[in-house]
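1. I would like the atomic coordinates for the input below:
(one chain, ligands or ions: 2)
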Amino acid sequence: MSGSAAPQWTPESWRLKPVKQSPEYPDQAALQKSLAELKKLPPIVHPREIIKLKEHLRDVAQGKAFLLQGGDCAELFDYCQQDAIESKIKLLLQMSLVLIWGADKRVVRIGRMAGQYAKPRSSPMETVDGKQVPSFRGDILNGFHLDERELDPARLVKAYHHSSATLNYIRAAISSGIADLHRPLDWGLGHVRDPELKAKYQEAVNFLTDMLRFMHTIGADKTEKLDTVDLFTSHEGLLLEYEQSLTRLLDDPTAFPHGSKKEYYDTSAHFLWIGDRTRQIDHGHVEFFRGIANPLGVKIGPTTPTSDLLELLRTLNPDREPGKITLITRYGAGKVADLLPAHIRAVEDSEYKQTVVWQCDPMHGNTQSVSGGIKTRRFSDIFSELQQTLRIHKEQGSYLGGVHLELTGDAVTECMGGSEGLAEDDLSTNYTSFCDPRLNEKQALELAFLIADHYRQ
Ligand code: PEP
Ligand code: MN
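-> Ligands and ions are numbered 1, 2, ... in the order given. Sure thing, here's the model as predicted:
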């Protein structure tokens, strides 16, 4: 807990404010039972890890490192499986190698994993086959199948267990060497048709494989630093009942003497973000998160008045800790040039200069529906928003510290374009997302190459 606004804050004070997207549970007794159970369960993450991430993010805010955050739009309990977890870790690792090569900076990795189960919706009800049914709000509240749409508070506890099992396997896989940099990685560039692009990507791959081989030869890959790769977890902090139940008053592990300072840590994940629909300054989500010691993200976009930004920062980070707040910008390729410069100036010309991490989410402003109502995104729009964002930060003298992507390690066909040339007709081939369309492995890696290319020019 910190700052001048803190005295009236309690883990419950959000309940006195209006709360957007708040679920109406049909069975209050079952809800109370689930919350009581969650309160007894151990933290999913440890304060020491949360502090470590905050230190890494301070480096990002100061331009010394780059942040790669990615994962599903809506993680399902069903993704809590060895292959799905491994393919996502491998993809994030592979992308980060490309970014390290390109930007010549350390890369901090955060998965939208191990808890990204709650989804904000435009309406609590939707029409399916002419019938009104409750919308799918993520596995933590209800199921996608029509006979599971009733909100079920027992799912809150299930979410805890699936988060824990996912993170347990992430830790196990990483400490056992899945992230071992000398293992040959499959870079598979066969799909890249454009010869010029292919040559560029091949140059990066040749460099990285040579470097990894060299490090293996001299034994430099045996040091602990290279055998294990940090992967932090994150999700949208949407369900405040859940987040409150996992919020604990714990020792700040960096305080001296030990035990001299306690903070409220949200132990459901290392990093939590406030979504675009719930960031109203006088509402419950901002109230809850202003009392939490974790690093936080806030989504900002076309509906964020410039005047809200400093109020948000003063409320959420009154002590101006560098790296505490990540502003996740998501305007859309057609709007970013009009809106981002004023947002940058509002922050960088204030007392918050160089304290925030500017992160580009080129996904959420570029969603469109094609025939049959399929939700998709064009790779060219995603890249265009990212490229414009990089250019605008350069012009404004600020630092674009990271990207926030919806991606999966599977060969899905949800976003159009990229070097594979996925067209509208291809979308039905393997469209498995129950929420927003994700970049597949090839598209995600290609985006990493394109970012790397920007830095190397
Ligand atoms: C999301 O990240 O999946 C999401 C809902 O984003 P936003 O809050 O930016 O719309
Ligand atoms: Mn999404």
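2. Distance check, the closest residue to L92 other than its chain neighbours against M215.
-> If you skip the residues right next to it in sequence, L92 has R109 as its closest partner in space, 5.2 Å away by CB to CB, 6 or more residues apart in numbering. Where you see a C-beta, it was placed from the backbone N, CA and C, and this is true even at glycine. R109 sits 19 Å away from M215 when distances are taken as CB to CB, to the nearest Å.
3. what about these two, which has more around it?
-> Comparing R109 with M215 by other CB atoms under 10 Å, the one with more neighbours is R109, at 21 against 16.
4. helices or strands next to the helix or strand containing the more buried one in the packing?
-> Element membership of R109 [criterion: DSSP states H and E] is strand 106-112. Packed against strand 106-112, as judged by 3 or more CB pairs under 8 Å, 6 or more residues apart in numbering; DSSP states H and E, are the following elements: helix 47-61, strand 65-71, helix 82-103, strand 232-236.
5. Quick check: which helices or strands does the last one pack against?
-> By that I understand strand 232-236. Secondary elements touching strand 232-236 (3+ CB pairs under 8 Å, 6+ apart): strand 106-112, helix 154-175, strand 271-274.
6. report the angle between the axes of it and helix 47-61?
-> Computed with axes from the mean of the first three to the mean of the last three CA atoms, to 10 degrees, the direction of strand 232-236 lies at 80 degrees from that of helix 47-61.
7. Okay, angle between strand 232-236 and strand 106-112 too, please.
-> For strand 232-236 against strand 106-112, the angle between stretch directions is 50 degrees (the same axes, to 10 degrees).
8. now do the second one
-> When the same axes, to 10 degrees is applied, the directions of strand 65-71 and strand 106-112 differ by 20 degrees.
9. Please point out which parts of strand 65-71 sit buried.
-> Buried positions in strand 65-71, judged by neighbour count with 16 or more other CB atoms under 10 Å: A65, F66, L67, L68, Q69, G70, G71.
10. Send me it as PDB with only the CA atoms.
-> Output for strand 65-71, consisting of C-alpha atoms alone and laid out as PDB, is shown next (Å, rounded to 0.1, in the frame of the first residue of the first chain):
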ATOM      1  CA  ALA A  65      14.700  -3.900 -21.900                       C
ATOM      2  CA  PHE A  66      11.700  -4.900 -24.100                       C
ATOM      3  CA  LEU A  67       8.500  -6.500 -22.900                       C
ATOM      4  CA  LEU A  68       6.800  -9.300 -24.800                       C
ATOM      5  CA  GLN A  69       3.400 -10.200 -23.500                       C
ATOM      6  CA  GLY A  70       1.200 -12.800 -25.300                       C
ATOM      7  CA  GLY A  71      -1.300 -15.600 -25.100                       C
END
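11. list the helices and strands that strand packs on?
-> In terms of contacts (3+ CB pairs under 8 Å, 6+ apart), strand 65-71 is packed against helix 47-61, helix 82-103, strand 106-112, strand 357-360, strand 400-406.
12. ok, and what's touching that strand?
-> With contacts defined as CB atoms under 8 Å, 6 or more residues apart in numbering, strand 65-71 is touched by 56-57, 59-60, 88, 91-92, 95-96, 99, 103, 105-113, 116, 234, 271, 326, 357, 359, 401-408, 444, 448.
13. and that strand, average pLDDT?
-> Throughout strand 65-71, pLDDT has a mean value of 98.
14. That strand pairs with which strands?
-> Each strand paired with strand 65-71, and its direction, by DSSP bridges: strand 106-112 (parallel), strand 400-406 (parallel).
15. returning to what we had before: list only buried entries from the contacts of strand 65-71.
-> Neighbour-count burial (16+ other CB under 10 Å) applied to these gives 56-57, 59-60, 88, 91-92, 95-96, 99, 103, 105, 107-113, 116, 234, 271, 326, 357, 359, 401-408, 444, 448.
16. overlap between those and the residues near ligand 2?
-> Counting by CB under 5 Å from the ion, nothing from the buried ones among the contacts of strand 65-71 sits close to ligand 2.
17. ok, back up a step: redo the helices and strands packed on strand 106-112 as TSV? Include distance to A165.
-> Supplementary listing: the helices and strands packed on strand 106-112 in TSV, determined by distance: least, CB to CB, whole Å:
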stretch	distance to A165
helix 47-61	17
strand 65-71	16
helix 82-103	9
strand 232-236	12
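18. Kindly state which of these is positioned closest to ligand 1.
-> Between ligand 1 and the helices and strands packed on strand 106-112, the shortest gap by CB to the nearest ligand atom is with strand 232-236, which sits at 6.0 Å.
19. residues making contact with that closest one?
-> Strand 232-236 has contacts (CB under 8 Å, 6+ apart) with 44-45, 49, 53, 69, 75, 108-120, 163, 167, 170, 268-275, 297.
20. can you pull the contacts of the closest residue to ligand 2 within the stretch 251-400 of the chain?
-> Of all residues in the stretch 251-400 of the chain, H364 sits closest to ligand 2, with a separation of 5.9 Å (CB to the ion). The contact partners of H364, by CB under 8 Å, 6+ apart, come to D276, K299, G301, R330, D436.
21. quick check, nearest of those residues to T127?
-> Relative to T127, the closest of those is D436; by CB to CB it sits at 19.7 Å.
22. contacting residues for the closest one?
-> Residues counted as contacts of D436 (CB under 8 Å, 6+ apart) are C73, A74, M363, H364, T367, K375, R377, E406.
23. Please report the distance of it from ligand 1.
-> Distance, D436 to ligand 1, by CB to the nearest ligand atom, to the nearest Å: 6 Å.
24. Which pLDDT value goes with that residue?
-> In this prediction, D436 carries a pLDDT score of 96.
25. Can you tell me the SS state at it?
-> The three-state assignment at D436 reads coil, by DSSP: H, G, I helix; E, B strand; the rest coil.
26. Phi and psi next, for it.
-> Summarising the backbone geometry of D436 under the convention degrees, to the nearest 10, its torsions are phi -80, psi 150.
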